[in-house]
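Colleague: Okay, here's the prediction I keep looking at, along with the sequence it came from:
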Amino acid sequence: MGRMSRNECVVGDENGAAEKEPDVKNKTTFEKETLKEESYAIEDVIDRTVKRLNFRVAFLYWAALSTVFQSGAVTNMTVITGNIPYKEWKCTSERCATLYEAASEKDSFYTQQTMCDNDLKAGKDFEWTTKKTTFTTDWGIYCKNEAKLSTISGVYFGGAFVGLLCSTGIFDRIGRKKGALLGSLITTLATAASAVAPNYEALLTLRIISGFGLMIGYTGTYCWIIEFAPTNLRHIASGFYNTGWSISYLVLVLLGYLIDKWQYVYLAATGVCVFCTAMFFLTPLPESPRFYLVRGLETEAKNSLMTFFRFTGNRFSFDKVNLSYDTRVQNYLEQLKDFRRFPAMLKRAILSMLCWFFVSMIGYGYTFGWSKIGSNIYTSHLFGAIGGALGYITSIPCSKFLGRKRATLFLFGGIAVFNFIAMLDIKLSETWSLEHVSSLLGSVSGTGAFALLYLYTGELAPTSHRGMIMCLSSSSARVGSFLGPYVSLLYGVTDRRVPLALFAGLSLAGCLAAFFLPETTGVTTPETPKDLKD
């Protein structure tokens, strides 16, 4: 069945010819009559029915995004539970005491440089004075072994990479909502088990499983929510959704500040995971109608839309109305072959994947480097989380007034500018430097770009292949996220400007990739690769 454009409605005359919609005063009545005659794409139905944001629509989006309130906490867990307190220790051996007496600046003696350059051993030359335990202090991960912290942080994204590749089939076979629920259950179990991990190897394995489950849930929830959003509200729905990540990150910082034992932090995070899983059953948002329609289940798609419309206080009648769709390829290998048959879709997918890779490597380079940039881990991560929230909120007006493409270019450019400024050696106060402030502003641009890419990629991808392209893009991001934590190691072995220059270079590369993507603002979302205009 054919589909109609958003801007033109056609009706049949008595001879079956098509004519344009006449100018009538009672447009509501006319549209109702027209809808009884024609077939419409899901996007057209939602756009015509949900025309503005009201309390019910906002509540429904917020209820759905509550299913991902564990995302930021689980993903960033090791920055709190694995923090190495390089400034909180004291000498216990004669050798260490001699080094202290010989130090010209005793106030700056208790640092990572002193500990690592002199190969001081915990339990022999010094002891930790921090009241908070971490798995790094429990298992002797510091100095030469610090790469283990980056590894256990990075392998989480390795699990996410595998999970996202698998999630294409999951979303297409059991649905967006059920697929996201499955991911949430896996994450909850892995987080709970992490609280009793007996050693490094066990926690490493559980982090892989956590990443596998959470990214299935996070991406599935996004597809589920955004496919109910009308064109004019997609930027708001996307902003709402990504704000959940920052809220979760703030929760993690609070838990880390209040709880002294790292195992109990994991237990508290498990409680958040249980809440998120429960919200799948309490949230009234039904399964995505696009999933049903792609599967050829038109009746179920209509029922899903009617449930959504009733809850949001909108009216619509499907009497004699068909939802237009083409037969879709569900086989994974056949969908991969479509990239060769449709070069425009391949181009969009590759450029999107590059953008996701660059912004994720930058973002997680910041997240796992705040302890090296700032003087206090909780203050640094608090402002990092607040900056993330500002970035997600900023992405909403940017995408609305600049358009998806120009907003992406603007935010990537902001990352580059702030990282170049951060290279200047200027001390603003005892606890703040220009590097710290500029890095925070750079993280605002980074999270804004990340949030916008979720929306932009969803609009670039045709409905028939959206699950696959979103998963490929997010998988590419996981590769960048895996490498991001290792960037923090550069602060200990080279000049501080090197990682900043790396971030600036990656952001400029992201600008270049986004430059070759088409604008999607106000453009009908393609249903199949044949609809692409590139």
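Modeller: Great, that's in hand.
Colleague: quick one: low-confidence ranges for the stretch 401-534 of the chain?
Modeller: Within the stretch 401-534 of the chain, the segments meeting pLDDT under 70 span 492-493, 534.
Colleague: so where do the helices sit in it?
Modeller: 404-422, 434-460, 466-487, 490-493, 497-515 (DSSP state H, counting those that start in this stretch).
Colleague: Of those, which is nearest residue 212?
Modeller: Nearest of the helices of the stretch 401-534 of the chain to residue 212, taken as C-beta to C-beta: helix 466-487 at 10.4 Å. C-beta here means a position set from N, CA and C on the backbone, and glycine is covered the same way.
Colleague: Could you check the angle the closest one makes with helix 497-515?
Modeller: 160 degrees (axes from the mean of the first three to the mean of the last three C-alpha atoms, to 10 degrees).
Colleague: Report all helices and strands that helix 466-487 contacts.
Modeller: Applying 3 or more C-beta pairs under 8 Å, 6 or more residues apart in numbering; DSSP states H and E, we find helix 466-487 packed against helix 147-174, helix 200-226, helix 332-341, helix 343-367, helix 434-460, helix 497-515.
Colleague: ok, now with 7 Å
Modeller: With contacts taken as 3 or more C-beta pairs under 7 Å, 6 or more residues apart in numbering; DSSP states H and E, helix 466-487 sits against helix 147-174, helix 200-226, helix 343-367, helix 434-460.
Colleague: To residue 158, which of the helices of the stretch 401-534 of the chain lies closest?
Modeller: helix 466-487 (5.8 Å).
Colleague: Quick one, grab the pLDDT at residue 24.
Modeller: You'll see residue 24 listed with a pLDDT of 42.
Colleague: my guess is residue 352 meets residue 459, correct?
Modeller: No. Applying C-beta atoms under 7 Å as the test, residue 352 and residue 459 come out as separate, 10.5 Å apart.
Colleague: Which one of those two is surrounded by more residues?
Modeller: More crowded of residue 352 and residue 459, by other C-beta atoms under 10 Å: residue 352, with 26 against 20.
Colleague: Spit out the contact partners of that one.
Modeller: Contacts for residue 352 (C-beta atoms under 7 Å, 6 or more residues apart in numbering) come out as 457, 460, 469, 473.
Colleague: of all those, which comes closest to residue 228?
Modeller: Nearest to residue 228 among the contacts of residue 352 is residue 457, at 17.4 Å by C-beta to C-beta.
Colleague: Could you measure from that closest one over to residue 520?
Modeller: The spacing between residue 457 and residue 520, counted by C-beta to C-beta, to the nearest Å, is 9 Å.
Colleague: Can you pick out the residue with more neighbours from the two?
Modeller: Set side by side, residue 457 and residue 520 show more neighbours around residue 457, with 26 against 23, by other C-beta under 10 Å.
Colleague: on that earlier part again, what's the most distant pair in the contacts of residue 352?
Modeller: 460 and 473 (9.3 Å).
Colleague: okay, now the closest residue to residue 199 other than its chain neighbours: neighbour count?
Modeller: Spatial nearest neighbour of residue 199, excluding adjacent residues (C-beta to C-beta, 6 or more residues apart in numbering): residue 139 at 7.0 Å. Residue 139 is flanked by 15 other residues according to other C-beta under 10 Å.
Colleague: What does the pLDDT read for residue 139?
Modeller: 94.
Colleague: wouldn't it be in contact with residue 200 here?
Modeller: Yes. Using C-beta under 7 Å, residue 139 makes contact with residue 200 at a distance of 5.3 Å.
Colleague: Do a quick rundown of the helices in the stretch 1-150 of the chain.
Modeller: With DSSP H, counting those that start in this stretch applied, the stretch 1-150 of the chain shows helices at 27-35, 42-49, 55-65, 71-75, 77-81, 94-102, 112-117, 135-138, 147-174, listed in chain order.
Colleague: Same list (those helices) but as a markdown table, adding distance to residue 407 and mean neighbour count.
Modeller: Shown next, in a markdown table, are these (distance: least, C-beta to C-beta, whole Å; neighbours: other C-beta atoms under 10 Å):
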| stretch | distance to residue 407 | mean neighbour count |
| --- | --- | --- |
| helix 27-35 | 32 | 14 |
| helix 42-49 | 21 | 20 |
| helix 55-65 | 20 | 18 |
| helix 71-75 | 22 | 27 |
| helix 77-81 | 28 | 24 |
| helix 94-102 | 53 | 13 |
| helix 112-117 | 39 | 16 |
| helix 135-138 | 39 | 20 |
| helix 147-174 | 25 | 22 |
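Colleague: With respect to residue 251, which of the ones you listed lies nearest?
Modeller: helix 71-75 (5.4 Å).
Colleague: And that closest one, how far out from the chain middle?
Modeller: Taking C-alpha atoms, centre = their mean, to the nearest Å, one finds the center of helix 71-75 at 10 Å from the center of the full chain.
Colleague: for stretch 208-225, same thing?
Modeller: Per C-alpha atoms, centre = their mean, the centroid offset for stretch 208-225 relative to its chain is 9 Å.
Colleague: got the CA coordinates for that stretch in PDB?
Modeller: Extracted in PDB, the C-alpha atoms of stretch 208-225 (Å, rounded to 0.1, in the frame of the first residue of the first chain):
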ATOM      1  CA  ILE A 208      30.600  -7.500  30.800                       C
ATOM      2  CA  ILE A 209      27.200  -9.000  31.600                       C
ATOM      3  CA  SER A 210      25.900  -5.700  33.000                       C
ATOM      4  CA  GLY A 211      27.000  -3.900  29.800                       C
ATOM      5  CA  PHE A 212      25.300  -6.600  27.700                       C
ATOM      6  CA  GLY A 213      22.000  -6.200  29.400                       C
ATOM      7  CA  LEU A 214      21.900  -2.400  30.000                       C
ATOM      8  CA  MET A 215      22.600  -1.300  26.500                       C
ATOM      9  CA  ILE A 216      20.000  -3.600  25.100                       C
ATOM     10  CA  GLY A 217      17.600  -2.000  27.600                       C
ATOM     11  CA  TYR A 218      18.700   1.500  27.000                       C
ATOM     12  CA  THR A 219      18.600   1.400  23.200                       C
ATOM     13  CA  GLY A 220      15.300  -0.600  23.200                       C
ATOM     14  CA  THR A 221      13.600   2.000  25.500                       C
ATOM     15  CA  TYR A 222      14.700   4.800  23.200                       C
ATOM     16  CA  CYS A 223      13.300   3.200  20.100                       C
ATOM     17  CA  TRP A 224      10.100   2.400  22.100                       C
ATOM     18  CA  ILE A 225       9.600   6.000  23.300                       C
END
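Colleague: low pLDDT regions in this protein?
Modeller: 1-38, 239, 320-321, 324-332, 368-375, 492-493, 534.
Colleague: Would you quantify the distance from residue 292 to residue 528?
Modeller: 16 Å.
Colleague: More neighbours: these two, which one.
Modeller: residue 292 (23 against 19).
Colleague: Go ahead and confirm the more buried one touches residue 302.
Modeller: No. Residue 292 is beyond contact range of residue 302, at 8.5 Å (criterion: C-beta under 7 Å).
Colleague: Which strand residues bridge the closest residue to residue 97 other than its chain neighbours?
Modeller: Closest residue to residue 97 apart from its sequence neighbours, by C-beta to C-beta, 6+ apart: residue 91 at 4.9 Å. In this entry, residue 91 is beta-bridged to residue 126, by DSSP bridges.
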